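Student: could you work out the structure for the sequence below:
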Amino acid sequence: MDFTKFDFSKFDVTKLMDADAVIDQIEKSNQTALGLITDAKSREIAQTISTASIQFARAQAAAVKAYHEAVKKAVQA
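Tutor: The predicted structure is shown next:
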């Protein structure tokens, strides 16, 4: 591919996949799996790790969107 002819201002990484929908589905799957843990302490630890991971994923998705917008503005300038 000849990247000298690629219009980066029209490339939208957020349209490749809906990160929020993917994260929501992962979160639902995690909750189902966590419900299968019978030991309360183990379930609590797993829930804490799961919650932190989901929060991290959401922060990463937001960072990608912000980076995309910054690149888009820089390329258009």
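Student: next one: the most centrally placed residue in the chain from residue 5, what distance?
Tutor: Nearest residue to the geometric centre of the chain (CA atoms, centre = their mean): residue 61, 3.8 Å. Separation of residue 61 from residue 5 (CB to CB, to the nearest Å): 30 Å. (Each C-beta comes from the backbone N, C-alpha and C, glycine too.)
Student: do the same with residue 36
Tutor: Distance, residue 36 to residue 5, by CB to CB: 52 Å.
Student: flag the shaky bits of the chain, pLDDT-wise.
Tutor: Applying pLDDT under 70 to the chain flags the ranges 1-4, 6-16, 77.
Student: where exactly do the helices run in this structure?
Tutor: Secondary structure of the chain (DSSP state H): helices located at 19-34, 40-76.
Student: helices or strands next to the longest one in the packing?
Tutor: For helix 40-76, the contact count by 3 or more CB pairs under 8 Å, 6 or more residues apart in numbering; DSSP states H and E identifies helix 19-34 as packing neighbours.
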